[in-house]
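J.: Mind folding the following:
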Amino acid sequence: MSHYVVTGGAGFIGSAIVRRLLGEGARKVVVIDNLLTGRESNLEEVRASIDFQRADIRRYEEIAPLVRGAAAVFHEAAIPSVPRSIEDPVPSHEVNIDGTFNVLRAAREGQAGRVVYAASSSAYGDTQVLPKVETMAPHPKSPYALQKLTGEYYCSVFSQVYGLETVALRYFNVYGPRQDPSSPYSGVLSLFMKAILERRAPTIFGDGEQSRDFTYVDDVAELNLKAARAKNVSGRTYNGGNGGRITLNEAWALLQKLEGVTIPAKYGPPRPGDVRDSQADIVAAVRDLGHAPRFSFDEGMRRTLEWYRQPTAE
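T.: Coordinates of the predicted model:
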């Protein structure tokens, strides 16, 4: 029986892919997660329908039997933080580079179908031209960005040299339900959600006019499944964004409007490694993968805020 593997499947994006696979009738979904950043609670409502394996992608012997024969491997496991990679680069290197190599090796030696890799728009760095298109030369500004770019190159090489099917998706600031706001390294919108519900001012690093192509998590999960099935795309990298651009000030203003409150944000110095502006050119993803984002920023924020209002949300 063919099966699917989701590394980091207890994480924010990984668990969305798991639910999407099950929703489309997947018979067997194996989740690999060491719970370093993931949470089993993200899988609570589907726990009985999956094969959860607490394993570490840094240990090849743990994951190789789990990946063997998979129809597709969705490689989401990572330490996904620019600031954390700057302050403590060793663990993120081991997970994001060594772990990715192990997943690709296991997929190749275990004759898996295709690896869909969670790459990052941070690989572009600061470019004067927007939107950012896949043909631009990368310019990573942080260890995390470099690590994710290295994973892309490994995917391409495994495709060219070993014949392993791979597709890399450069995520652009994914947000939505189940994003963990409990860490200083958390995504900015999850921190905004927590702040607005606690009626306190968030701290925005910089002037707040930096912009992001915020992409709702369900759109990203759907794109992953499309990338797993698309024809004649192996070895390629695609932008996994929404195609829009929202400033942090605009995002905080929308949350205040949705909640009917006025709470001016606090501002701090810009953080090293942060990119000023980010926006995806999604022409190639639409053409080759059938990418079709369904959620506007307003709708995604409403759905996300509704989830964070629940007593069980953290």
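
J.: Show me where the stretch 101-250 of the chain has its helices.
T.: 143-162, 188-197, 217-229, 248-259 (DSSP state H, counting those that start in this stretch).

J.: Out of these, which is closest to Thr237?
T.: With respect to Thr237, and counting by C-beta to C-beta, the nearest of the helices of the stretch 101-250 of the chain is helix 143-162 at 5.3 Å. (Each C-beta comes from the backbone N, C-alpha and C, glycine too.)

J.: Quick one: distance of that closest one to the chain centre.
T.: Centroid separation for helix 143-162 versus its chain: 16 Å, with C-alpha atoms, centre = their mean, to the nearest Å.

J.: So which residues make contact with the helix or strand bottoming out on mean pLDDT in the chain?
T.: Across the helices and strands of the chain, the lowest-confidence element by mean pLDDT, DSSP states H and E is helix 82-87, at a mean of 92. Outside helix 82-87, the residues within contact range by C-beta atoms under 8 Å, 6 or more residues apart in numbering are 79, 92-93, 96, 122, 142-145, 147, 184-185, 271-274.

J.: and those residues, which are buried?
T.: Among these, those classed as buried by 16 or more other C-beta atoms under 10 Å are 79, 92-93, 96, 122, 142-145, 147, 185, 273.

J.: Adding distance to Gly11 and pLDDT as columns, could you present those residues in CSV?
T.: Listed next are those as CSV, based on distance: C-beta to C-beta, whole Å; pLDDT from 0 to 100:
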residue, distance to Gly11, pLDDT
Ile79, 11, 94
Ser92, 14, 96
His93, 19, 98
Asn96, 13, 98
Ser122, 17, 93
Ser142, 20, 95
Pro143, 20, 96
Tyr144, 15, 96
Ala145, 19, 96
Gln147, 16, 98
Tyr185, 13, 65
Gly273, 21, 81
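
J.: ok, Lys194 - contacts?
T.: Applying C-beta under 8 Å, 6+ apart to Lys194 gives the contacts 181, 308.

J.: Tell me how far it lies from Ala72.
T.: Separation of Lys194 from Ala72 (C-beta to C-beta, to the nearest Å): 34 Å.

J.: hmm, back to that, ok, which pair from the buried ones among the contacts of helix 82-87 is furthest apart?
T.: So, the buried ones among the contacts of helix 82-87 by C-beta to C-beta: farthest apart are His93 and Tyr185, at 15.8 Å.

J.: quick revisit: which stretch among the helices of the stretch 101-250 of the chain approaches Gly300 most closely?
T.: Across the helices of the stretch 101-250 of the chain, Gly300 has its closest neighbour in helix 217-229 (8.2 Å, C-beta to C-beta).

J.: Quick one: mean pLDDT over the closest one.
T.: Averaged over helix 217-229, pLDDT sits at 98.

J.: Output the contacting helices and strands for that helix.
T.: For helix 217-229, the elements it packs on are helix 12-23, strand 72-75, strand 114-120, strand 165-171, strand 174-175, strand 236-240, helix 283-289, judged by 3 or more C-beta pairs under 8 Å, 6 or more residues apart in numbering; DSSP states H and E.

J.: what's the span of stretch 51-61 from first residue to last?
T.: Terminal residues of stretch 51-61 lie 18 Å apart, using C-alpha to C-alpha, to the nearest Å.

J.: list the buried ones in it?
T.: Buried, per 16+ other C-beta under 10 Å, within stretch 51-61: 52-53, 55-58, 60.

J.: And the contacts of that stretch?
T.: Identification of contacts with stretch 51-61 by C-beta under 8 Å, 6+ apart yields 3, 7, 9-10, 28-35, 40, 43, 62-63, 66, 77, 94-95, 98-100, 102-103, 105-106.

J.: Name only those of the residues you listed that count as buried.
T.: Neighbour-count burial (16+ other C-beta under 10 Å) applied to the contacts of stretch 51-61 gives 3, 7, 9-10, 29-34, 43, 62-63, 66, 77, 95, 99-100, 102-103, 105-106.

J.: how about the nearest residue to Arg236, chain neighbours excluded?
T.: Val167 (6.2 Å; C-beta to C-beta, 6 or more residues apart in numbering).

J.: so what's the one you found bridging to?
T.: Val116, Arg236 (DSSP bridges).

J.: need the contact list for the spatially closest residue to Ser120 that is not a sequence neighbour.
T.: Spatial nearest neighbour of Ser120, excluding adjacent residues (C-beta to C-beta, 6+ apart): Lys148 at 3.9 Å. Lys148 is in contact with 78, 96, 119-120, 122-123, 140, counting by C-beta under 8 Å, 6+ apart.

J.: go again using 6 Å as the cut-off
T.: Taking C-beta atoms under 6 Å, 6 or more residues apart in numbering, we find Lys148 in contact with 119-120, 123.

J.: just the buried members of these?
T.: If you count burial by 16+ other C-beta under 10 Å, the buried members of those come out as 119-120, 123.
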